[in-house]
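A.B. asks: output the structure for:
(one chain, ligands or ions: 1)
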Amino acid sequence: MDFPAIAYRTYQQWKNHSSMSAFFFNVLRNLQSIKNPITKTRKFHQIINENIDSIFEDTTVTRSVSCKIGCSGCCHTPVSVTNEEAQLLAHRVNSGLEISTKNLERQALLGNSSASYYSLSFQNRKCVFLSEAGACTVYEDRPAVCRTNFVVGNAKQCDTSDGKEKPVRLLTTTKADIAIIAGYKSASSSGLLPYMLYKELNKKQNSNQSVLVMRKDSFTEK
Ligand code: SF4
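C.D. replies: Modelled structure (predicted):
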């Protein structure tokens, strides 16, 4: 199982702290009890949202965060998802949300390696759910890691157009990070968004459903 690096660091730091450990196991048990992947993922996201919203009750936090609508540097970096999050995103695509299948394929064929991801040009690294206007087209269903990335300080550091990630100062989101690790531990697998989504879209779930079928060099609608 691959864990998102920032959340995992937080988990390692806090896992032996009694209240955080209790919170972790509470979230883990809660998510493990839900069998439907879509329901489970939405519950996972709700838990993260609650723990982020409580941080933003402090107005000084709101003022210190540099992220703005339309700035999307983090949407050009490798994003992790659980298998169940990939199923939710595939459900959105299969329900009619349009994405660039060409871009998805290009990214997915690099596999699960973040290092390989940076071999793509900045434009081709763009998340398939990022609109031309710089908005997330799956905002309500965006992955857990997209919910906890808040930059404090200089947002110019988020720019990876030169192919390099720079150190950025992130808002401390301890409980949300711990919930992310509980979510990943309760998941069947995890990996990079394009790779996991591509795999999911290629599973023929239902003969009446429109699915994308992987061919050697392209996606075709079937
Ligand atoms: S899912 Fe949305 S927020 Fe997350 S990387 Fe893609 S466009 Fe950005």
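
A.B. asks: quick check: the residue nearest to the spatial centre of the chain vs residue 21, distance?
C.D. replies: Compute the mean C-alpha point of the chain, and by Cα atoms, centre = their mean the closest residue is residue 143, 3.2 Å away. Using Cβ to Cβ, to the nearest Å, residue 143 is found at 25 Å from residue 21. Just so you know, the C-beta spots here come from the backbone N, C-alpha and C atoms, and that holds for glycine as well.

A.B. asks: what's the answer for residue 197, then?
C.D. replies: For residue 197 relative to residue 21 (Cβ to Cβ), the value is 33 Å.

A.B. asks: what of residue 39?
C.D. replies: 26 Å.

A.B. asks: so residue 154 touches residue 71, yeah?
C.D. replies: No. Between residue 154 and residue 71 there is no contact under Cβ atoms under 8 Å: 12.0 Å.

A.B. asks: the more surrounded of those two?
C.D. replies: Using other Cβ atoms under 10 Å, the more surrounded residue of residue 154 and residue 71 is residue 71, with 15 against 11.

A.B. asks: my read is that one is in a strand, agree?
C.D. replies: No. Assigned with DSSP: H, G, I helix; E, B strand; the rest coil, residue 71 falls outside any strand and is coil.

A.B. asks: so it touches residue 158, yeah?
C.D. replies: Yes. With contact defined as Cβ under 8 Å, residue 71 and residue 158 form a contacting pair (7.1 Å).

A.B. asks: follow-up on the earlier one: just checking, the residue nearest to the centre of the chain touches residue 84?
C.D. replies: No. Counting by Cβ under 8 Å, residue 143 does not reach residue 84; the two are 10.5 Å apart.

A.B. asks: if I look at residue 184, how far off is residue 65?
C.D. replies: 25 Å.

A.B. asks: cool, and residue 198?
C.D. replies: 32 Å.

A.B. asks: which of these two has more residues huddled nearby?
C.D. replies: Shown here are residue 198 and residue 65; by other Cβ under 10 Å, residue 198 has more neighbours (22 against 16).

A.B. asks: that one is in what secondary structure piece?
C.D. replies: In the assignment (DSSP states H and E), residue 198 maps to helix 193-201.

A.B. asks: picking up where we left off before, compare residue 197 and residue 21 (neighbour count), which wins?
C.D. replies: Using other Cβ under 10 Å as the criterion, residue 197 and residue 21 rank with residue 197 on top: 27 against 13.

A.B. asks: contacts only, for the more buried one.
C.D. replies: Residues in contact with residue 197, defined by Cβ atoms under 8 Å, 6 or more residues apart in numbering, are 81, 86, 89-90, 93, 104, 108, 128.

A.B. asks: compare the residues you listed and tell me which is most surrounded.
C.D. replies: residue 81 (29 neighbours).
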